[in-house]
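build me a model from this:
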Amino acid sequence: MDILKFYLFQAYNKVKYSIETQFNDLFALNTLPKMEILDKAKLDTYDKLIEWMKILYPQNTLDKELINWINTLFRGEIIDIISYGNLISTSQLRNGTLDSIKNYYNIQIKEKLSLKDWVGKAAYDNLISWIIDFRLFYGLMTNQNYKIEISKEIVISFTEIPKINLSDKSYLKIIKPSTKLEFSLISNFNSILVKCERYEILLDVNNVNPTEEFEQAIEKALESMNPLKELQCIFNEYGQLFPQRIILGRSLKIILPNSSLNNTFEKVNDVDEILKLLDNLNVSYLLTQKGKSVKKENLSQWIDDTKNNLEIIEFDNIIPLYKILKMEQQKKIEDILNKFNDHNRIIMTGITDLKDLDNDNVLHYKCIDLEISLEDKNYEVFGSIISENNVRLDNVYVNFGLYDFNGFYAIIKKSKVSNIDLKECYVSWMIVGKPSQLTVFSPNNRDLQVNYFKESIKLQSNQLNYFIKTSFTLSEEYSIFAHAYDSPANYEPDSIFELVKWSNNSLDFQITNSSQFNLDDGINIGLNICILFTNYKDLKFDNNKEKERLLIGHILTKENFVECFSKPVEDEENK
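You can find the predicted model right below:
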């Protein structure tokens, strides 16, 4: 009955007073009671109920004949029988008098009530005003002073009418510091709180839906290159928290030194006992939430006034706001939060054409500008040169350096015997770093794991192959990338590191063009090695959706696997 009254009353107000709140947007009304009008038409949706109300309470824009018909109906000139009850036999009428018939109808015909009068004063009648006044469709957020505020945007719609429980509690309690921060700030003080609870509103998370605008904003943030920053902006608008229990009433508070409190009690429920305790504590007044003072002698009157002057005095059973989202979006948010840790991830991938290079030059510095700025320069770049038909070019050297917030340089050099036209080639690249530092996180490659490390090797005479051990077990389909990072001053950047073989925890690299060095000097070269825990063909470009995949790595396969490596020939000094 309360739910029926609620729907009728809201539809009545919406039609008659054109209230602005659109309840068909804020309520998913699957709890509408079954109703029929005289022609058996069903009022099974809120929209149908609204249209029926428009007939009962027509606006000036409606047809005049319809208005006249409705006026005639309510003047009693047209009457429909809508029910029969308390039937008597015709023999009783035949034996009675006209007066007895009149008496019968006087008893049966009740006084006609308006809809508003029939609805009465049930708790649910106030729900509409509470929704507007207390902004029940909004989330909660903390301000700069760490106080709870109501958010700026509507975030939920109801699938069930919120449950409302009547309450009539007045009590006094002590509030003690509950955290280390509170204890350090107010360790010498406790608070006296007087609360008058009138209503309890329950907003079960299972009975609410996120608004379409909120869901769309979240999805857009999840697909962005700055997911964490975008999510923070959204939750700053819609709130970070959602209360499933709200207490309406009024409250008073006063802060007193610890020494003035008797800690043998924590809660007093009787009004007379409250007044007596305030006397013992020499408390002459208390403060409202808005800072107005209420004298102790006016406390009883103030408690009586709370019935007509309500405010939110408590948020309870609070959950993170993202918990109202569908499970799929919840998991995506949790996944991003978990991956924004100190582990290296794929930050961004891309492909850049080399149309502006001059083939007559031997060495090229190609500036690669990023579409979105990074928050740090602490990252590494791996990549290769690929042809127009997606073939990696092994006879063209590429390395990366001069890292900045907005981009980096690709250092490119092709071998002297190569006749490749670089203008028809591309450089494919992958930035690896920590999302927590860079705040950028590739939406296309978030599920891919990477690990990179630096290794120094000493070039040896008559040796092309060099073995690198890993701290973790390697597996088939892993992809390997390697670039030099620390080279001698006389070292020209054109040595290419090719993966030859691999074992469970070792990699065998072959270095081309090492003959330029005097190996008797014990030349050291540093290597940046990146291992992608999957086939590099699973990578996707962030800056070019037309390209299907990145071709930049060496894949660990059965064909190049060995159980163990034979030790390389070492010079006398290393022995």
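
can you give me the buried ones in the lengthiest strand in the chain?
Ranked by residue count and defined by DSSP state E, the top strand of the chain is strand 241-257. Neighbour counts over strand 241-257 (16 or more other CB atoms under 10 Å) mark 241-252, 254 as buried. All C-beta spots, glycine's among them, are computed from the backbone N, C-alpha and C.

just the closest of the residues you listed to residue 292, please.
Distances from residue 292 to these, taken as CB to CB, are shortest for residue 252 (9.6 Å).

beta partners of the closest residue to the closest one other than its chain neighbours?
Residue nearest to residue 252 in three dimensions, not counting chain neighbours: residue 286, with 3.7 Å by CB to CB, 6 or more residues apart in numbering. Beta-bridge partners of residue 286, counted by DSSP bridges, are residue 294.

pretty sure residue 286 is touching residue 254, no?
Yes. Residue 286 lies in contact with residue 254 (CB atoms under 8 Å); the separation is 4.8 Å.

what's the burial count for residue 398?
For residue 398, the neighbour count with other CB atoms under 10 Å is 25.

bridged to it, which residues?
Bridge pairing for residue 398 (DSSP bridges) gives the partners residue 412.

so what's it up against?
By CB atoms under 8 Å, 6 or more residues apart in numbering, the residues touching residue 398 are 383, 384, 385, 410, 411, 412, 427, 483.

from those, which land in strands?
For the contacts of residue 398, the ones inside strands are 383, 384, 385, 410, 411, 412, 427, 483, with DSSP E as the criterion.

which among these count as buried?
Neighbour counting with 16+ other CB under 10 Å marks 383, 384, 385, 410, 411, 412, 427, 483 as buried within these.

hang on, the earlier thing: nearest to residue 542 among the contacts of residue 398?
For the contacts of residue 398, the minimum distance to residue 542 (CB to CB) is 13.3 Å, reached by residue 383.

quick one: contacts for that closest one?
By CB under 8 Å, 6+ apart, the residues touching residue 383 are 398, 400, 410, 427, 428, 429, 430, 481, 552.

could I get those residues as a markdown table with distance to residue 360?
Listed next are these as a markdown table, based on distance: CB to CB, whole Å:
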| residue | distance to residue 360 |
| --- | --- |
| 398 | 19 |
| 400 | 23 |
| 410 | 18 |
| 427 | 19 |
| 428 | 24 |
| 429 | 25 |
| 430 | 30 |
| 481 | 29 |
| 552 | 27 |
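
of those residues, the lowest pLDDT goes to which?
The lowest pLDDT within the contacts of residue 383 belongs to residue 552, with 72.

residues touching that one, list them.
Per CB under 8 Å, 6+ apart, neighbours of residue 552: 382, 383, 384, 386, 392, 428, 429, 430, 481, 536, 539.

of the residues you listed, which is the nearest to residue 455?
Of all the contacts of residue 552, residue 455 sits closest to residue 481, with 13.0 Å by CB to CB.

about what we covered before: redo the ones in strands among the contacts of residue 398 as a markdown table? Include distance to residue 444.
Putting the ones in strands among the contacts of residue 398 into a markdown table (distance: CB to CB, whole Å) gives the following:
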| residue | distance to residue 444 |
| --- | --- |
| 383 | 16 |
| 384 | 19 |
| 385 | 22 |
| 410 | 21 |
| 411 | 26 |
| 412 | 25 |
| 427 | 18 |
| 483 | 23 |
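
now do the shared contacts for residue 286 and residue 254.
When contacts are counted by CB under 8 Å, 6+ apart, the set common to residue 286 and residue 254 consists of residue 192.

mind listing the helices for the stretch 351-500 of the chain?
Here the stretch 351-500 of the chain has its helices, by DSSP state H, counting those that start in this stretch, at 435-438.

any stretches of it with poor pLDDT?
416-417, 486-495 (pLDDT under 70).

what are the boundaries of the strands in it?
Per DSSP state E, counting those that start in this stretch, the stretch 351-500 of the chain carries strands over the ranges 363-369, 380-386, 396-401, 407-414, 426-433, 450-458, 465-469, 479-486, 497-502.

kindly reformat those as JSON lines containing distance to residue 164.
Shown next, in JSON lines, are the strands of the stretch 351-500 of the chain (distance: least, CB to CB, whole Å):
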{"stretch": "strand 363-369", "distance to residue 164": "58"}
{"stretch": "strand 380-386", "distance to residue 164": "58"}
{"stretch": "strand 396-401", "distance to residue 164": "63"}
{"stretch": "strand 407-414", "distance to residue 164": "58"}
{"stretch": "strand 426-433", "distance to residue 164": "52"}
{"stretch": "strand 450-458", "distance to residue 164": "53"}
{"stretch": "strand 465-469", "distance to residue 164": "68"}
{"stretch": "strand 479-486", "distance to residue 164": "59"}
{"stretch": "strand 497-502", "distance to residue 164": "67"}
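
would you tell me which of those strands gets closest to residue 196?
For residue 196, the closest of the strands of the stretch 351-500 of the chain is strand 426-433, at 55.6 Å, according to CB to CB.

can I have the buried ones of the contacts of residue 552 as a PyMOL selection?
Of the contacts of residue 552, the buried ones go into a single PyMOL selection, burial set by 16+ other CB under 10 Å:
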select buried, resi 382+383+384+386+392+428+429+430+481+536+539
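
now the contacts of residue 552 in CSV, with distance to residue 274?
As requested, those are exported to CSV (distance: CB to CB, whole Å):
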residue, distance to residue 274
382, 71
383, 74
384, 78
386, 80
392, 81
428, 74
429, 71
430, 68
481, 73
536, 72
539, 68
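
and which of the contacts of residue 552 is nearest residue 219?
Among the contacts of residue 552, and counting by CB to CB, the member closest to residue 219 is residue 539, at 23.1 Å.

wait, the closest one sits on residue 450?
No. Residue 539 lies out of contact with residue 450 (CB under 8 Å); the separation is 10.2 Å.

shared neighbours, the two?
346, 532.

wait, what's in contact with residue 422?
354, 357, 359, 364, 385, 396, 412, 414.

swap the cut-off to 6 Å and go again
Listed by CB atoms under 6 Å, 6 or more residues apart in numbering, the contact set of residue 422 reads 354, 357, 359.

format those as a markdown table; extra columns: distance to residue 222 and neighbour count.
Shown next, in a markdown table, are the contacts of residue 422 (distance: CB to CB, whole Å; neighbours: other CB atoms under 10 Å):
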| residue | distance to residue 222 | neighbour count |
| --- | --- | --- |
| 354 | 34 | 18 |
| 357 | 37 | 18 |
| 359 | 43 | 14 |
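
make CSV from the residues you listed and add distance to residue 306 to it.
Shown next, in CSV, are the contacts of residue 422 (distance: CB to CB, whole Å):
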residue, distance to residue 306
354, 75
357, 78
359, 85
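
in the chain, which residue is most central in space?
residue 322 (4.4 Å; CA atoms, centre = their mean).

and the strands of the stretch 351-500 of the chain: which comes nearest residue 150?
With respect to residue 150, and counting by CB to CB, the nearest of these is strand 426-433 at 38.1 Å.
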